[in-house]
Structures are given as structure tokens and as C-alpha cells.
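Asker: A predicted structure for the sequence below; I have some questions about it.
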Amino acid sequence: YPNCTELYLFEDGSVTSLESMYDTNNMNTARQIENVHFMDGYFKNLTNFNRTFRHLDYLKRVENLPNSITSMSYGFEFAGSKSSEGLTLTNLPSNLTSLYNTFTASALLKCPKIPKSVKNLSCAFSSCKRLNQEFDLSDYNINKDDLSYTWNQCSSLTYTPILPTNYTGSLASAFQGTKITTAPVLPDGVTSLVSAFRECKELTTVSNIPSNCVDYNNAFRGCTKLTSVPETGWKGNMLWTFSYTLINQKIVINSASDLSSTFAYCGSLNITPTLPKEMKGSMSNCFKSCPNLVTPPQTPEGVTDMNCAYQYCSNLEQAPYIPDSVINISYMICGCSKITEITIPLDSILFNRVENAFQTCTALTRVYWRGIRTTDWNLLGFGKSTYEQEDLKDLVNNHLEDLYKDKIKISYGSKITINDTETTIS
């Protein structure tokens, strides 16, 4: 029926599935359907509504969905996306168990009451850009991990959903891109907040963090109004966790496996965070472009990568501690124009990458060497963008002597003295 815009549906009692019936990704002639009515007394055995009205671009209203339906995965994906009036449903089936991806990228204006039988809300309302309503799920029993991406990119949502108190597992991207101003109370059973609040540009406050959470990668990245989070309890993966926020408070990270970009571009950060005592992992870009940070935290022992760790921290007055485990300090304090001295470990490491480590450190006048290295002088990047491997005499004559003459005494020939310790050059 290529010109049909309104459907009245009934059947003979034998229908159990309407899967992909009007999935107009394969049936372009049905795209113009606007209104659908399920007639009373029919479809009593219908359980499968997966992909049924997917891509009905002009769909505006659906009435009397049969209560026998248990699954609606992708049932209304993209539905109503070209309707100026949005999408309205009069009810959800009372026996429904899953809303997995049901309304993804649809024009849904308001979701009818969700039955308590629903156990899966993963991606249920993802990219429903017109949706804005209250959700109280406090006494629902949602499966583990099945609140991931639930309200992802619901860019009109201002109401903070109330979560099930007994929920466990992931909240990955659950609220990403919404307009909520306050984070919900997060159940203790939550183990992952990966991108949970990413780009929530109106978010200002987070009142609690789950005691079992171990993954905060990108959790609050891009929350450009966020000023308040809990002080303690942070642990696990912390990649980009607070980047691009207004955070300026005491934060204690008890343990971590990755501190890459954790506080990058935190323009207000002045209060020095506390980092773990030990960590085998990366601190690359950890405090990059934090112009108000004055004092660096103690670097965890075991860190291997400090690439760009404090790049463009223009008010940093003290150089960071570099553990012997570090193999990459390229751009580490590039642009830190107030640092006057730094200590470099030479004993147990061979730097793989150090290019531009001190670029535009205009106040840097003293470099101390911790430990003695007798054979390798591959000191790349201490003073210009990059060096090829050079013989020792040329390196000393052209670079080290001029840059660090206050701390390095030259004995030409086969001996060199560093910090009053004479070393044989092989």
C-alpha cells in the first residue's frame, strides 16, 4: 500500500512475530506511515516486535501495543525522525522484558510507564534528542550491565534519572551528552563509569562514587561546568577522567593503572591532587594545559611514560620527580616557563624518547643528574627539537657545557665529571 499513512492492524490469532514487518530499511514504500492502531482483542500470542517499525521516518503515533510482546529490540529505531510532531506511544506492553535499542535515534517525546518486568534498558533511548522526562527506576531489577548507553546523547534531557539501588555492572555512556546538572546517586554495585557523563556540559555536581567502580576512563571528560566531585575513593583506570572540567579541589587517587590525560585541560586546577605511591603505567598528558597548577604531585614509582605530562603548565614552579622507571619524557615540561631546575635519572634507565622535553623552558638554568651512566649518552632533545647520535666531545662542547655549565665540569679526553663524580667514558 504505497500511499497508506494510517494502519489498523488485526490478525487471526496465529501471529507470534512481527519482526522487521515494516523495517523500511528494506521497504522504502512504507516510510510515509504516520499512525498505527492495534485493534482490541488481537495479537494475543505476539511476543516478537524486534525491528518492526524501524525506519518509519514519519511515524507520529502508535496506539494499543499488545501486552503479549516481550521484546522490542530496535522496534522503533529512527522512527519519526522526519516527523515535526515527534513520536508518541500510548502504552508499553505489560509483559515486556527488554527495551534494548528500542527507541535509538527516534523522535520519541515521552516514554510511557516502563513495566517492572523490563530487565534490559541498554541503549533504550540512545540519541532520542527530543526526550525530556523523569525516570524513577529505584525499585526495578535491571540485569547486570544493562543500563549502559541508556540515555546516551539524549541532548534535551534535563531530569536526572533515579537508578535502581541494587544495580550492578556498567553505566558506560549512560548519560553521555545529556543536559543533567546533577549526577544521580550511583549504586555501589556499579563497576564502570566509562564515558558515563562525558560531554554533559551542564553537569556541576557529583555527590558519590561507587565503592566497587574500577574504570573511570572519560567519565567526566568535557563536563565544562563540573566543579564538585568526591575527594576520595578514586581507583582503577583514570584515562581522561576529569579532562576539560572546572575541577579545583582536593582529589586523592588511591590506586591507578593509567593516568593518561586524567586532568588534561583543567584550566582551574590549582590544588595539587594526590597520586598513588606506585603505578606501573602511563602519565602521558596527565596535567597537560593546566595553567594554574603551581606544584606537581609526587610521581608514582613505576611510571614509565611522562610524555607531555606537564606540557603548557605555565605557572608550574617546581619540576616533577622523574622515577628511574620512566623511558619517555618528550615534551614533559615543554612550555613550563617558571621551572628553574630539574633532576634527571641516569642510573637505571635509557631514555627512548626525550625530544623537546625542555622546549621553551626559558627559566631553566640548572639540571642535576641522579646516578651515573657510563656508556650511553643518547641525551636527545635537551635544548633543541631533536639530536642525531653525536660523539661525546661534540655533545659536550656544543650543548651540555653551555646549557648546564653550572652543574657539569668537563675533563677532556677519557674522563668526565658529573656532580663531582668522575666517570670513565667507554
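Answerer: Arrived safely, thanks for sending.
Asker: Return the set of buried residues in stretch 109-121.
Answerer: Using 16 or more other CB atoms under 10 Å as the test for burial, stretch 109-121 gives Leu109, Cys111, Ile114, Pro115, Val118, Lys119, Asn120, Leu121. Bear in mind the C-beta positions are built from the backbone N, C-alpha and C, glycine included.
Asker: Mind checking the pLDDT average for stretch 115-123?
Answerer: Averaged across stretch 115-123, pLDDT comes to 98.
Asker: got the contact list for the residue sitting nearest the centre point of the chain?
Answerer: What sits nearest the mean C-alpha location of the chain, by CA atoms, centre = their mean, is Asn218, with 1.5 Å. By CB atoms under 8 Å, 6 or more residues apart in numbering, the contact set of Asn218 is Val194, Ser195, Arg198, Leu239, Trp240, Thr241.
Asker: Same check on Phe10?
Answerer: Phe38, Met39, Tyr42, Phe43.
Asker: Tell me how far it lies from Asn67.
Answerer: 15 Å (CB to CB, to the nearest Å).
Asker: ok so, going back, next step: the buried residues of stretch 109-121 restricted to strands.
Answerer: Counting by DSSP state E, the buried residues of stretch 109-121 place Leu109 in strands.
Asker: Would you convert the buried residues of stretch 109-121 into TSV that also reports distance to Leu96?
Answerer: Converted to TSV, the buried residues of stretch 109-121 look like this (distance: CB to CB, whole Å):
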residue	distance to Leu96
Leu109	19
Cys111	12
Ile114	8
Pro115	5
Val118	6
Lys119	10
Asn120	10
Leu121	11
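Asker: Can you say which two of the contacts of Phe10 are spatially most distant?
Answerer: Using CB to CB, the pair of the contacts of Phe10 lying farthest apart is Met39 and Phe43, separated by 8.3 Å.
Asker: Of the two, which one has the most company?
Answerer: Between Met39 and Phe43, counting by other CB atoms under 10 Å, Phe43 is the more crowded of the two (24 against 13).
Asker: need the contact list for that one.
Answerer: Residues near Phe43 by CB under 8 Å, 6+ apart: Leu9, Phe10, Glu11, Val15, Pro66, Ser68.
Asker: What about the spatially closest residue to the third one that is not a sequence neighbour, how many residues nearby?
Answerer: Using CB to CB, 6 or more residues apart in numbering and skipping the chain neighbours, the partner closest in space to Glu11 is Tyr42 (5.5 Å). Applying other CB under 10 Å, we find 16 other residues in the vicinity of Tyr42.
Asker: three-state assignment of Tyr42?
Answerer: Per DSSP: H, G, I helix; E, B strand; the rest coil, the local secondary structure of Tyr42 is coil.
Asker: Which residues are in contact with it?
Answerer: Residues near Tyr42 by CB under 8 Å, 6+ apart: Leu9, Phe10, Glu11, Gly13, Pro66.
Asker: In those residues, find the pair that's most separated.
Answerer: Going by CB to CB, the pair spanning these furthest: Leu9 and Gly13, at 13.3 Å.
Asker: circling back to that earlier point, and the residue nearest to the centre of the chain, what pLDDT?
Answerer: Asn218 is given a pLDDT of 98.
Asker: just the one 5 residues further on next, same as before
Answerer: We note a pLDDT of 98 for Cys223 in this prediction.
Asker: Tell me the spacing between it and Cys266.
Answerer: The spacing between Cys223 and Cys266, counted by CB to CB, is 11 Å.
Asker: From what I see, Trp234 and Ile251 are in contact.
Answerer: Yes: in terms of CB atoms under 8 Å, Trp234 counts as a neighbour of Ile251; the distance is 6.6 Å.
Asker: Could you count how many residues lie near the residue nearest to Asn101 when sequence neighbours are not counted?
Answerer: Using CB to CB, 6+ apart and skipping residues adjacent in sequence, the residue nearest Asn101 is Cys123, 4.4 Å away. As a burial measure, Cys123 scores 25 neighbours (other CB under 10 Å).
Asker: tell me the contacts of the closest residue to Ser14 other than its chain neighbours?
Answerer: Leaving aside its sequence neighbours, Ser14 sits nearest to Asn45 (CB to CB, 6+ apart; 7.2 Å). By CB under 8 Å, 6+ apart, Asn45 lies in contact with Gly13, Ser14, Val15, Thr16, Ser68.
Asker: In terms of helices and strands, where is Asn45?
Answerer: Counting by DSSP states H and E, there is no helix or strand that carries Asn45.
Asker: Doesn't Leu7 belong to a helix?
Answerer: No: the assignment for Leu7 (three-state DSSP) gives strand, which keeps it out of a helix.
Asker: Which of the three states applies to the closest residue to it other than its chain neighbours?
Answerer: Of all residues beyond its chain neighbours, the one nearest Leu7 is Val36 (4.7 Å), with distances taken as CB to CB, 6+ apart. Assigned by three-state DSSP, the conformation of Val36 is strand.
Asker: what bridges to Val36?
Answerer: Leu7, Val62 (DSSP bridges).
Asker: rewinding a little: now for Met39 and Phe43: what residues contact both?
Answerer: Taking CB under 8 Å, 6+ apart as the criterion, Met39 and Phe43 both touch Leu9, Phe10.
Asker: who's more crowded, Leu9 and Gly13?
Answerer: With neighbours defined as other CB under 10 Å, Leu9 and Gly13 compare such that Leu9 has more, 16 against 11.
Asker: Stretch 272-284: which residues count as buried?
Answerer: For stretch 272-284, by 16+ other CB under 10 Å, it's Thr272, Pro273, Leu275, Pro276, Met279, Gly281, Ser282, Met283, Ser284.
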